[in-house]
Structure formats: structure tokens, C-alpha cells
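# sequence first, then the predicted structure, then my questions.
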Amino acid sequence: MSQEFNADQVFGIGVEIEKNGKEFYTAAAQSSAGQSIKTTLEELAKWEDQHIAIFSNLRKNLPATAAQDNTYDPNNEITLYLKAAADNHVFIKNKDPRALAKVCDTPIEVIGIAMNFEKDSVVFYSAMRNAIPAELGKSDIEKLIDEELKHIVILTKILGGLKGKQ
């Protein structure tokens, strides 16, 4: 039997991913020695708060029918893609983002995990975009993808600076 996702469940997964990202960034900022990295991680945590609000709002405004699977997917491809993306997301595989932040010994490790989080989010939200009809918030999902891509650029620049200091 296959797992099918509906809009309510997909937005719920989005909320959880963003909450976990916020927890990771907050914990990593608290244990960060460098002020510039700490400030960036705190800013990323704030952005995750905004993403939580977007997903929560999308979920709150769903019609009752959104709890049903109404996406045309005769070969179950979208569902399989969503499941694979969700199952492989760094914060779904690692259930405790605070513990994950604590095992990072260097800023490079923190930024590496953060980049994986953002990349995994782009993959999941791209799959989500294909599963969500326009009237249920597809344009909001596209904006979130753009924001996550901006986060990757920020983190890539930080990582380049850190590696240059080694």
C-alpha cells in the first residue's frame, strides 16, 4: 500500500522541517564562538520563524477538501518523490536538531549541516510545488524555494571564508 500525501500533511511536514531548522540554528548559534557566524545563524533562525508562519498560514487557510488526496498522480510519482524527499531530509533522519548542533566540533561542520538542511528543503519544497495546486499556495511554495536558495548562497559564502582561514 502506498503512502499518499494531501496538502494538509505536506504543509504540516513543512512546518516541522522549519521548526527543526530553527532549533538547529538556535542551538548552533548558542555554541558558536565566532560573532559573525553566531549572528548569521541567529538571522537564519529568524527566517525559519517566518517560514513556519507561512506554512502555518497556508495550512490554516486550506479548505476542508485539502485533507483529501486530490492531486492527479496516476502513477503515484509525486507521492513517491515527496516521500523520498521527506525521508531523506537531514532533520527528519536526525530527530534531534539540538543534539546534532552539539556534536559539531567546528564552524565548518555547522555550516555543512546547515547547507544540507537548506538543500534538502529545496528538494522537498520543489516536490511539494508539484503536488500543490495553485489555489492552495503554489506561489508561496515558490517564494520559499527562492528564500532557501538565498540561504544556500549565504552559507556557501561563509563556508568559503571559513575554508580560506584554514
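Looks like it came in fine. Residues are numbered from 1 along each chain as shown.
# need the next SSE after the helix or strand of the chain with the lowest mean pLDDT, C-terminal direction.
The weakest-scoring helix or strand in the chain, judged by mean pLDDT, DSSP states H and E, is helix 90-93 (a mean of 60). Using DSSP states H and E, the next helix or strand after helix 90-93 towards the C-terminus is helix 97-102.
# neighbours around residue 49, how many?
Neighbours of residue 49 under the rule other CB atoms under 10 Å: 15. For every residue, glycine as well, the C-beta is placed using N, CA and C.
# please apply the same query to residue 150.
Quick note: residue 150 (other CB under 10 Å) scores 12 neighbours.
# what comes up buried for the strand or helix carrying it?
Using DSSP H and E, residue 150 maps to helix 138-164. Buried residues in helix 138-164, defined by neighbour count with 16 or more other CB atoms under 10 Å: 140-141, 144-145, 147-148, 151-152, 154-155, 158-159, 162.
# how far is that helix from where the chain is centred?
11 Å (CA atoms, centre = their mean, to the nearest Å).
# pLDDT averaged over it, what's the number?
For helix 138-164, the mean pLDDT works out to 89.
# and if you look at stretch 117-129?
87.
# ok, and for it, which residues are buried?
In terms of neighbour count (16+ other CB under 10 Å), stretch 117-129 has its buried residues at 117, 118, 119, 120, 121, 122, 123, 124, 125, 127, 128, 129.
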